[in-house]
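>>> this one's structure only:
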């Protein structure tokens, strides 16, 4: 019902605003992360259908094969057929070229080709890319493309921790280290979980745990089994969350019919068993990030205990001051009488003192989110300067660590995106500044 409402609201908004130049005012939260004020209807940070309705008011002409390839990459990434969205850029271009006739057919008449595009990972974003490719081939080079082509970070939380700590192992897993094939950190964690399960000392396991181990190895551990646990770990998720995400995955594969539990085994027990090993595997793949989270949490708790009346704050290189308040609270019982009957109410009242536990749990993700937001702002400024030197206004959209520009701008923007990240971590000592 909520998805239906969201799509209906987006369609109504699109009908009302179609053909007009739109501007989306944004607000910043206490960490500097930016969100559009538009929550319902058409939004650059909306779901698949909402984002697919938006194109840039000002496009950029596609004049070279490299610029066209950026459009091909966008198409393959949104389709994600056979896992091509995890492949190299060259492989994504080849996938689009191999399926070009089907893609152009979809772009020309989406109704007659529903069976193909509706199976895409992001069907409406894929459909929009198909339409843009069709229009390009109808026009040829010189076609002014207005479709946003996105560049996404590889688990940005781990990227920031790896750069912050100069951690080559973590950096390798999230594609910060050059000279290697494209890495998939979720795939690396899945492989490590499989190794852990295979190397378990069977003699030390209970009968039930032996059955669980055999069942999981027979089914296989893929990236989907570990993605949410790995993705949320840089934001200080705990073992309980890891188990809950794993149980959710177990229920998903049970519903799909690819896994059948024997009698006496439950999704909860199997998820808890597997979740513990996923937790260990994540720590082995990104040990420095886990150590840093524990250190930041410990320092934060100690700081709050020493200064319980003061909210925590830290500043960023561009002048942004982040302030977080996590006050202790107490529950009060309020007895009242209304129309002769006694009423009991329970109220939660925030106290002046700050909570060491709440601040400790939230500081690792808040700190990393603030650095991620600083990277976005620096990228936007550098991109504005780049476009100004060319005598034009910048064209860009973003969803935190996902940036979209016209296909013809993708190569230049990709370079500036990386330059901003390097500058953020070579010109500033963020941990020292935070302390």
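Nice, I can see it. As the structure is a prediction and not an experimental result, all values here were calculated from the model. Numbers count the residues shown, from 1 in each chain.

>>> which one's the longest strand in the protein?
Using DSSP state E, we find that the single longest strand of the chain is strand 341-354.

>>> could you point out which element follows that strand?
The element immediately downstream of strand 341-354 (helix or strand, assigned by DSSP states H and E) is helix 356-389.

>>> Average pLDDT for that next one, rounded please.
Helix 356-389 shows a mean pLDDT of 96.

>>> If we go by neighbour counts, what in that helix is buried?
Within helix 356-389, the residues scored as buried using 16 or more other C-beta atoms under 10 Å are 356, 358-380, 382-383, 386-387. C-beta: built from backbone N, CA, C; applies to glycine.

>>> what does stretch 8-15 give?
Across stretch 8-15, burial judged by 16+ other C-beta under 10 Å covers 9-10, 13.

>>> And stretch 62-73, by the same measure?
Counting neighbours by 16+ other C-beta under 10 Å, the buried set in stretch 62-73 is 62, 67-73.

>>> Let me have the residues you listed in TSV, adding secondary structure, pLDDT and distance to residue 398 as columns.
Listed next are the buried residues of stretch 62-73 as TSV, based on DSSP: H, G, I helix; E, B strand; the rest coil; pLDDT from 0 to 100; distance: C-beta to C-beta, whole Å:
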residue	secondary structure	pLDDT	distance to residue 398
62	strand	98	22
67	helix	98	20
68	helix	98	23
69	helix	98	22
70	helix	98	17
71	helix	98	19
72	helix	98	22
73	helix	97	18
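
>>> how near is residue 310 to residue 431?
Taking C-beta to C-beta, to the nearest Å as the measure, residue 310 falls 20 Å from residue 431.

>>> Next, the contact list for the residue sitting furthest away from the middle of the chain, please.
What lies farthest from the middle of the chain is residue 340; by C-alpha atoms, centre = their mean that is 54.7 Å. Not one residue lies near residue 340 by C-beta atoms under 8 Å, 6 or more residues apart in numbering.

>>> and it, what pLDDT?
So, for residue 340, pLDDT stands at 74.

>>> Same question for residue 39.
We have a pLDDT of 68 for residue 39.

>>> How about the one 3 residues further on?
Residue-level confidence at residue 42 comes out at 84, pLDDT.

>>> tell me which element the closest residue in space to it that isn't next to it in sequence falls in.
Using C-beta to C-beta, 6 or more residues apart in numbering and skipping the chain neighbours, the partner closest in space to residue 42 is residue 13 (4.4 Å). Assigned by DSSP H and E, residue 13 belongs to helix 2-17.

>>> now for that helix, which elements pack on it?
For helix 2-17, the contact count by 3 or more C-beta pairs under 8 Å, 6 or more residues apart in numbering; DSSP states H and E identifies helix 48-52 as packing neighbours.
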